[in-house]
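Engineer: sequence? don't have it. structure:
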């Protein structure tokens, strides 16, 4: 009948699950014996973590001279890695807070998991500003602590705002994550058979017993935290962008930086969630919950945010030319053709071109391809920060001081080491905490609908319920409809008559 | 299945409503008076016209954007109000004719259009590949071709679904929306550069396109809220658009109030902080003399007050509060565009002219006249939309 096919929305939980089977599926991961594979993965993760600790130790001993920093490139890998990890840390709270406010039910399959990733990513990020200061023993000076010397941090500096923004973000994300965990921890407590788990999970589930009063408080707390976290998601990367944009360095000072950085952060964060999700759901058999439809939706977000980043690149480029400012023009030409052109084109290819493949439905539903792109995107986003930081500094106002910046082995080791920290934390999370928000995923299942058992216990999903209600058989002037198995043909009716009983009944002369 | 949603409202705006004629009448009178203003003070006329034109065009573009977002996200909540932005968007093609006075007044409006001025100015010479009269005209045509085409397509698809009841059309709508969103993003950015940013041809800001999008979208929600209340006051859609839908619109107005403040403040802060002469001059003019009253007024009345008032959940669906806030937002939106454009004409301070208001009323009459003219031709909601049931079923939770 139609040239175009109507695609009803897919079910959020695939397979023939009920509440009990979902609980079992998720909690079994935490309650069964630790698989050998987990130890095998923990080994390299811990190895890298030790490497990180070692390189930090050497840094404290020797000073920042071990890094590749030069004059004028005073900001190198440390800031790049910081921005990169913080950017990745945006997806979790976006999924749990913003998508919650938008009532996007599909978020329930991935929010727990993404929030955990956020917290660990922010931990990795926080390492860099903390260790880069040189005199590590006075790191507490970054906080405005009253002291007898009346020494204060510079309140005009976005670097100080960063301290507040990132630490607030970390705190709220952690709280948000924990509040969401409480009902599920209680589930684990109740399912656990050994004393240690019962006490451990029992302690952190705060005496949750699922009473309606508990749920009422929980919903309120969750809503308030979502409301608080939403501006934080935007503010963190906005302030990170201020670190660059308030300066007068060509290529850094441009007004589109705040939303552009936020879009880039969401872009890389979603890519990281996808990378982890695709592996995890395979290993733990969670494909019924983290379905291909979730992957497709996330791919669309990657495509949108990637295009927004592309839009910002274009604006920067155009305005650099339009501004007529010599240095501004020069830096953009130097980025594309100068000593760091290779990094620039990696950035362009990975960030702007690669997500465009997701216009194709075939590609964005292809698991292997998605996995590939999710890694490509994060490589691209690392290079974006590299291009911004290094190219603007290495080729600044004075050509006489231009120099090629290269990292040292310690830069590389510290960066690679952060994967150890991230991997260790993530493996611990997978082992000990429910990786899916059990209570929330149940709420989006058809069984949670109070009308679910209306038809003598035979379930009809809500969407199809409406579909069977309105079935249009042909589309001539007189519309025939089938309502509750009763065929009705409607003759021409006057336009302005009040229509009973339903919304679809309005004949119309074509 | 007694709990199924039903519509008991009349979905057709009365065919013998005289509203479009009245609005057209007001519009024509307003424009005729403005035409007199052209002979009295041509510069003033063109600037006033530009302000009013961008005011309404921004709202129409935001409408199409909203419809596209709606399709692409498969939203359910807004089905009952979707026909309103669809109708605004469908008029964009015809609305292009009202861009012609800007082309006629290009020499009055834009310093860069004078070839002798460009020849004497090194910076303008550098920009002349973009800022020149033929390319400016080509761009205007291009924008309106894109906007008019997409607006028309989406409207037509929606009406087709009304007629045929073919749910497959929702796939078509998504197929139109997806590629149109990036096109709109780019065309809005460049249109804002053309209309407003290039009034001061030395000034530049990469954020300006996003900024124009933000102010337009905030005022778009104000228009939506007022339009829905206007229809309901006249007895239309009273049971169809419920508390929950009003709440959603209130929430959107709140969200875009914050988004607007975020974008506008970030743009200001970065320019203020870096303090580069080529950029700060623009804000310098707008924070001096009586212009500063609008600048601080925007902070207080376009962000702070609506933000505080709409923060409370109960107030996001309070009809009285929403009406006042929406009117306030629209007044501030007009003043903001005024504040962007007019210092080019009168740098010393605010100098309201009667032409400012006659063009606003004139274009407004035509804009809303065209809206109601089209709105009464079809049903006021997309009545066979597959998600209409879910939209009507939505209930307001305490």
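Structural biologist: Structure's in. What do you need? A quick note: this is a predicted structure, and the numbers were derived from the prediction, not measured.

Engineer: Next, the contact list for residue 221, please.
Structural biologist: All of this refers to chain A. residue A:179 (CB atoms under 8 Å, 6 or more residues apart in numbering or on different chains). Bear in mind the C-beta positions are built from the backbone N, C-alpha and C, glycine included.

Engineer: Not quite, go with chain B.
Structural biologist: Applying CB under 8 Å, 6+ apart to residue B:221 gives the contacts B:249, B:252-253, B:256, B:326.

Engineer: Closest one of those to residue B:311?
Structural biologist: Here the nearest of the contacts of residue B:221 to residue B:311, counting by CB to CB, is residue B:253; it sits at 11.8 Å.

Engineer: ok, and the closest non-adjacent residue to that closest one?
Structural biologist: Leaving out its chain neighbours, the residue that sits closest to residue B:253 by CB to CB, 6 or more residues apart in numbering or on different chains is residue B:221, at 4.1 Å.

Engineer: what's the distance between the strand or helix carrying that neighbour and the middle of its chain?
Structural biologist: Taking DSSP states H and E as the criterion, residue B:221 maps to helix B:208-233. In terms of CA atoms, centre = their mean, to the nearest Å, the centre of helix B:208-233 is set 7 Å apart from its chain centre.

Engineer: The helix or strand just after that helix to helix B:208-233, inter-axis angle?
Structural biologist: With elements assigned by DSSP H and E, the helix or strand that comes after helix B:208-233 is helix B:243-274. For helix B:243-274 against helix B:208-233, the angle by axes from the mean of the first three to the mean of the last three CA atoms, to 10 degrees is 160 degrees.

Engineer: Next, the contact list for the most centrally placed residue in chain B, please.
Structural biologist: Centroid check for chain B by CA atoms, centre = their mean gives residue B:59 as the closest residue, at 1.4 Å. Shown in contact with residue B:59 (CB under 8 Å, 6+ apart): B:88, B:216, B:219-220, B:223.

Engineer: Out of those residues, who's the most crowded?
Structural biologist: residue B:88 (31 neighbours; other CB atoms under 10 Å in any protein chain shown).

Engineer: Pretty sure residue B:368 is one of the things it touches, is it not?
Structural biologist: No: checked against CB atoms under 8 Å, the pair residue B:88 and residue B:368 is beyond contact range at 9.4 Å.

Engineer: joint contacts of these two?
Structural biologist: Joint contacts of residue B:88 and residue B:368 (CB under 8 Å, 6+ apart) do not exist.

Engineer: burial of the residue lying closest to residue A:133 once chain neighbours are set aside, as a residue count?
Structural biologist: Ranked by CB to CB, 6+ apart and with sequence neighbours excluded, the top spatial neighbour of residue A:133 is residue A:139, at 5.7 Å. By other CB under 10 Å, 14 other residues sit near residue A:139.

Engineer: Distance check, residue A:139 against residue B:182.
Structural biologist: Distance, residue A:139 to residue B:182, using CB to CB, to the nearest Å: 44 Å.

Engineer: got the contact list for residue A:407?
Structural biologist: By CB under 8 Å, 6+ apart, the residues touching residue A:407 are A:67-68, A:76-77.

Engineer: how about the residues you listed in CSV, adding secondary structure, pLDDT and distance to chain B?
Structural biologist: Putting those into CSV (DSSP: H, G, I helix; E, B strand; the rest coil; pLDDT from 0 to 100; distance: CB to the nearest CB, whole Å) gives the following:
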residue, secondary structure, pLDDT, distance to chain B
A:67, coil, 92, 28
A:68, coil, 89, 28
A:76, coil, 88, 23
A:77, helix, 92, 25
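
Engineer: neighbour-wise, which of these leads?
Structural biologist: That'd be residue A:77 among the contacts of residue A:407, by other CB under 10 Å, with 26 neighbours.

Engineer: So it is in contact with residue A:415, correct?
Structural biologist: Yes: the criterion here is CB under 8 Å, and residue A:77 meets it with residue A:415 at 6.0 Å.

Engineer: before we move on, the earlier item: okay if I get the contacts of residue B:59 as CSV plus pLDDT and distance to chain A?
Structural biologist: Formatted as CSV, the contacts of residue B:59 follow (pLDDT from 0 to 100; distance: CB to the nearest CB, whole Å):
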residue, pLDDT, distance to chain A
B:88, 94, 22
B:216, 95, 16
B:219, 95, 19
B:220, 95, 18
B:223, 96, 22
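
Engineer: Which of those residues sits closest to residue A:181?
Structural biologist: Residue A:181 lies nearest to residue B:220 out of these, by CB to CB, at 39.3 Å.
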